[in-house]
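Visitor: how would this look folded up:
(2 chains)
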Amino acid sequence: MDFSVTQLFAIGVGYLLLFFLVAWLTEQGLVPARLVRHPVTYVLSLGVFASAWAIFGAVGFAHDFGYNFLAYYLGISGAFMLAPILLAPILRLTQTYQLGSLADLLSFRYRSPVVGAVVTITMLLGILPLLAMQIQAVADAVHILNEESSQGMLAFVFVLVVIMFAILFGARHISTREKHEGLVVAIAFESLVKLVGFLAIGGVILYQVFGGVGGLNQWLESRPEQLVSLYQPLEEGPWRALVAAFFVASVAMPHMFHMAFTENLNPRALLTASWGLPLYLFFMAMPVLIIVWAAAELNIFSNPEHFTLLVPQAMGSDWLAILGFAAGLSAASGVIIVCTLSLSAMLLNHIVLPMAPFYRRSNLYSWLLWVRRLLITAIVLVSYGFYAVMQHKHTLSELGFLAFVATMQFVPGLFGVLLWPKANKDGFLAGLAAGLSVWLFGLLMPVLLGVQFKLSIPLLTEELIPSFTDSYMVATFAVFINSTIFGIVSMLTESSPAEMQAAETCNMNNLRRPQRWELSVSSAREFVSRLANPLGADTARREVELALNDLAMSLDETRPYALRRLRDQLESNLSGLLGPSIAHEVMNNSLPYIIHTDDPNSQDIHFIESRLEEYHDKLTGLAGELDSLRRFHRQTLQDLPVGVCSLGSDGEVLGWNSALEAITRVSPDQILGSQISHLPAPWNAVFDEFINLDARNQQVEVELDGMKRWISLHKAAIGLSKLSAIQSGQVVVVEDTTEVKMLEHHVAHNERLASVGRLAAGVAHEIGNPITGIACLAQNLRYDSDNPVILDTAQQILDQTQRVSRIVQSLVSFSHSGTTEMAMDPVYVQESAQEAMDLLSLNRATTQVTFHNQVDPDHCVKGDQQRLTQVFINLLSNARDAMQTGGEVWVKSHEKDHTIVVEVEDNGSGIKPEVLKRIYEPFVTTKDPGKGTGLGMSLVYSIVEEHYGQITIQSPLDSATGGTRVTITLPRYSVNNGDENQASQEEQHEPHPDR
Amino acid sequence: MYIDRLVLIFIIGAYVLSPSLMQWWAESGTAWWRPFIVWGLLIAVTFWIARSRDLDGF
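Guide: Sure thing, here's the model as predicted:
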């Protein structure tokens, strides 16, 4: 049955509207994000590879060339099965450097706008037959279903709808960083439609024509020539050349590149695609032979490329024919849309932008978008023109083959991208020119124009020159001559430094060693003003903000390391917008590096380290071992208890360990990658002065938070050995010697005090005798006179001499502490404390306070009773002097395993912090002149130490009410450390448990 | 120039095995589904490998 034109138009446009609806729903966020980013969606979107050729052409190819049709599926399946190895590096490159097409990738690798332009033109020439083939497939399908319809008219309507879709859903954003989710889901949907449609056609034919699998096998046994015609072309035919061509198509075909890399929403989905796409194609290939055999069974002798529609028609199944039409329409529209998007991006970046001045446009984004939309329209219309000119003279297979062989010419270039750093643009361009010439004269012109050329090479006989009559031989020869010239020219010519750098970046498993070049700008803000010139102020500001946001940096960033990362990020982002060549040019002109020719090996160690950290769990074997060693050395340096800082020859900080962070309070994140002069004060001055100093060691005093600190600095040159990669940097070791200095000062001070003490004791001893004489004479004076004035004077002399005697006594006690023999007897703390309290209570002239002796009477320590009483006298008198009348002092104790802890607590005014720090120093007192010698606490400390005890002071106990607590810990007296007699005496006092 | 070991094994394997495979395929007679069996097996192996590894660089 013939379908009316209206019916076909309604079905076609209805289907395409459904296609629009899916894309629109996705763009509106009505399709769950999980589904949009699901690996299955990605795999189905890659099904765009199965073009109209998979629905119609493959059937014709299988009919004519037998099993060779499988090369179409197996070639690309092989490439995707190796995706984690072959395609993942390309995906990483395209995502990192925002490369949107093969032309972007190749011009990025070969650092040449010419490469980009040549690839774009080649791609356009090569892909036009493929696009024309899709239009022809749709037009043919329409013609088969309605022989009277105007193929051209319907094909033109189809083309217009496709243009609308590409513009609406494929060119919404200009930058490659923003993905077109609607496009991805719509392409996945069309892949699903063609899979279901094609499988349904195969399934229905299998059961209706052959009666199932068993029936098909019986039919094949009765028609052995069908199988022979399958195998025979395999033995003669171009199987390997075809597999290779379709293998390369995974990257070289613009629609595959676009869906696999540019519109990839989930990089990890590539792993699923490694088996998912082969599985999808497996199902797409299954119905092909069934359709071919069904055509034989139904005696259909028309163009075999139309069997997909003719067999259902012959079976009388209209809906199956419509399903075939929908599958074909779906496949053709998908390929045209995606190819056009990719080609338009290539044309924009590599042909239009280098020629059309875009500088300082205020609305750069919308200008780019509109140019791209115009290019999309132009490409689709040119494809339609190409189709119209051909006038159905060629089979789909012929046109497809032309396109695939053209894209195969990029194979040597891709080899250079991934595997051969020596390859250069001269080799690529020379090889491509040779390969393309062979393609042009050996394939394109003979196929399209019917003109045959004969190749003549001097010195070679005819037998050695491939015949141009065999298309497959021409295809192989084109790639061979391309590769050979590519290799030879690359080896004979030199790569530019930028090209070598790009080669290192692209090379698989090769860690890029970026150079630590200096930028001519000193802040992120300056980036905006520099880029405003080529991009316009608004675009420049927006792009810099975007890049800063990507790197989580602020506009105030000034670190050279960070600015280099910002420059890289900006170049990548601009590459997504303008293509890598223009982006590179813009960055080089606006933000050039200052290259120091005298320091060619200054590598960005910090960046290399951060890259290694990212990759460390991927390193295996020797690389893994070396990385473990590196991490061990790095950790050692990091945890070193002295501060270590390594500097590049230009003063950039390359290393900053944790000890240095503790000393300087500057974290590595703040300073790594900065100039040493960017350190905060006072460290900038300290380091600046030291690294410029001839001496290798220096001691400096710095003030931190109002406290003086002593810092010791040492330095050494690093990397002077020829084996080292780093040249003439410096390592600076920083030590905080404040504690050592303080200790030295303390020792010196104590030494001085001891000398003063010894001097004082000597003086006291000498003063003692005359004072005794004076006291005797004053006593005599009292007896010899009754004059009250003289008696009063004599009494005053006696008082003063007693005071002098007390001072002298204190000095003598202080100077004798630690030198005289000390008794070590059991001493009951309660008794000592009580004795001291009784003695102090006798002095009625001083402040009256209440002493509470709460010491456990059983607590016994080992020591000298006299001296311990002296300790209590000093502590209690100090407490009393610090209080008003009515104050209270408590002496308490408690025991521990081996010690007795005695606490003397008062509710006085407390001790000031500055006094507390120096309280054990001799001659330190807060009492009024003449009232204290300042030796009391010093003596207490000495006595406690002599008893192997400890003393601590807590004051104030309460910030509001004051109070002081002195805690003395003394060794507890026990039988084990006391003498045996004492032990036996105690045993006698205690009743034996058995008695 | 660094070539991944897997790629090297694949290339050598494909070179060594392809004539035998093609011969086995051509001798299949009515077993026209033989290439699909090999294809299916390759998909299964790739599925198994993909399950147990992560994508480098991501």
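
Visitor: quick one: pLDDT of residue A:191?
Guide: Listed pLDDT for residue A:191 reads 92.

Visitor: so it is in contact with residue A:48, correct?
Guide: Yes. The pair residue A:191 / residue A:48 is scored as a contact, 6.6 Å apart, by CB atoms under 8 Å. The way it works is simple: take the backbone N, C-alpha and C, and place the C-beta from them, glycine included.

Visitor: any shared contact partners between these two?
Guide: The overlap between the contact sets of residue A:191 and residue A:48 (CB atoms under 8 Å, 6 or more residues apart in numbering or on different chains) consists of residue A:334.

Visitor: other SSEs contacting the lowest-mean-pLDDT helix or strand in chain B?
Guide: Within chain B, no helix or strand scores below helix B:5-26, which has a mean of 76 by mean pLDDT, DSSP states H and E. On a contact count with 3 or more CB pairs under 8 Å, 6 or more residues apart in numbering or on different chains; DSSP states H and E, helix B:5-26 meets helix A:83-96, helix A:224-236, helix B:34-51.

Visitor: can you say which of these is nearest to residue A:619?
Guide: helix A:83-96 (15.7 Å; CB to CB).

Visitor: show me the contact partners of the least confident helix or strand of chain B.
Guide: Contacts of helix B:5-26 (CB under 8 Å, 6+ apart): A:67, A:82, A:85-86, A:231, A:234-235, A:239-240, B:34-35, B:38.

Visitor: and residue A:86, how close does it get to residue A:418?
Guide: Per CB to CB, to the nearest Å, residue A:86 is found 7 Å from residue A:418.

Visitor: nearest residue to the residue nearest the centre of chain B in space, please, no chain neighbours.
Guide: Central residue of chain B (CA atoms, centre = their mean): residue B:42, 5.1 Å from the mean position. The shortest distance from residue B:42 to any residue other than its chain neighbours is 6.4 Å, reached at residue A:81 (CB to CB, 6 or more residues apart in numbering or on different chains).

Visitor: what's the burial count for that neighbour?
Guide: For residue A:81, the number of neighbouring residues by other CB atoms under 10 Å in any protein chain shown comes to 24.

Visitor: where does it sit relative to residue B:47, distance-wise?
Guide: Relative to residue B:47, residue A:81 is positioned 10 Å away (criterion: CB to CB).

Visitor: so for those two, which residues contact both of them?
Guide: In contact with both residue A:81 and residue B:47: residue A:275, using CB under 8 Å, 6+ apart.

Visitor: could you look up the SS state of residue A:300?
Guide: Applying DSSP: H, G, I helix; E, B strand; the rest coil to residue A:300 yields a three-state assignment of coil.

Visitor: which residues does the nearest residue to it once chain neighbours are set aside contact?
Guide: Once flanking residues are discounted, residue A:300 sits nearest to residue A:310: 5.1 Å by CB to CB, 6+ apart. For residue A:310, the contacting residues are A:144, A:295, A:300, A:302, by CB under 8 Å, 6+ apart.

Visitor: which element, helix or strand, includes residue A:310?
Guide: Residue A:310 belongs to helix A:307-315 when assigned by DSSP states H and E.

Visitor: what's the following helix or strand after that helix?
Guide: Heading C-terminal from helix A:307-315 (DSSP H and E), you reach helix A:318-347.

Visitor: that next one: how far from the chain's middle?
Guide: Relative to the chain's own centre, helix A:318-347 is displaced by 40 Å; criterion: CA atoms, centre = their mean, to the nearest Å.

Visitor: next, the buried residues of that helix.
Guide: A:320-347 (16 or more other CB atoms under 10 Å in any protein chain shown).

Visitor: how far off helix A:307-315 does that helix point, in degrees?
Guide: 170 degrees (axes from the mean of the first three to the mean of the last three CA atoms, to 10 degrees).

Visitor: for the record, mean pLDDT for the next helix or strand after helix A:318-347?
Guide: Downstream of helix A:318-347, the next assigned helix or strand under DSSP H and E is helix A:353-355. Helix A:353-355 shows a mean pLDDT of 85.

Visitor: can you list the buried residues in helix A:353-355?
Guide: Across helix A:353-355, burial judged by 16+ other CB under 10 Å covers A:353-354.
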